[in-house]
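Engineer: Sequence unavailable; structure follows:
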């Protein structure tokens, strides 16, 4: 089975006060939960895979989310942004420009 999209969410945690910060400290756990809930709500189990990762680099812009196969990077993603990412990008093929990093 090959999904249409694979979404990677940075779950990296650094010690409190680390100069680079971390996506986990910025709410990545809630973002991952929101993505998982949205997959379930929309019944997209075989079309959208969700994976938590370690550091992907832009820690100061976290939580960071990367969507493949397009290779689109989103930053400062909140749980409230997740339905829009599903509706626009994952189902509609349109990027969410206000969150786009690269």
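Structural biologist: Perfect, thanks for sending it. In this text, all values refer to a predicted model and were calculated from it rather than measured experimentally.
Engineer: So residue 23 sits against residue 59, correct?
Structural biologist: Yes. Counting by Cβ atoms under 8 Å, residue 59 is a contact partner of residue 23 at 6.7 Å. Placement of C-beta: from N, CA and C, glycine included.
Engineer: Neighbour count: the two, which is higher?
Structural biologist: Neighbour count, other Cβ atoms under 10 Å: between residue 23 and residue 59, residue 23 has more, with 31 against 20.
Engineer: Now do the SS call for that one.
Structural biologist: coil (DSSP: H, G, I helix; E, B strand; the rest coil).
Engineer: From residue 36, how far off is it?
Structural biologist: Remark: distance between residue 23 and residue 36 (Cβ to Cβ, to the nearest Å) = 16 Å.
Engineer: now do residue 86
Structural biologist: The value you get for residue 86 to residue 36, if Cβ to Cβ is used, is 12 Å.
Engineer: cool, and residue 16?
Structural biologist: 26 Å.
Engineer: More neighbours: these two, which one.
Structural biologist: Taking other Cβ under 10 Å, residue 16 and residue 36 do not tie; residue 36 has more neighbours (14 against 8).
Engineer: Do you have the helices of this structure handy? List them.
Structural biologist: With DSSP state H as the criterion, the chain has helices at 28-42, 82-84.
Engineer: which other helices and strands contact the first one?
Structural biologist: In other words, helix 28-42. Here helix 28-42 touches strand 5-10, strand 48-53, helix 82-84, going by 3 or more Cβ pairs under 8 Å, 6 or more residues apart in numbering; DSSP states H and E.
Engineer: and those as TSV, adding distance to residue 97 and mean pLDDT?
Structural biologist: Below are the helices and strands packed on helix 28-42 laid out as TSV (distance: least, Cβ to Cβ, whole Å; pLDDT from 0 to 100):
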stretch	distance to residue 97	mean pLDDT
strand 5-10	17	98
strand 48-53	20	98
helix 82-84	11	98
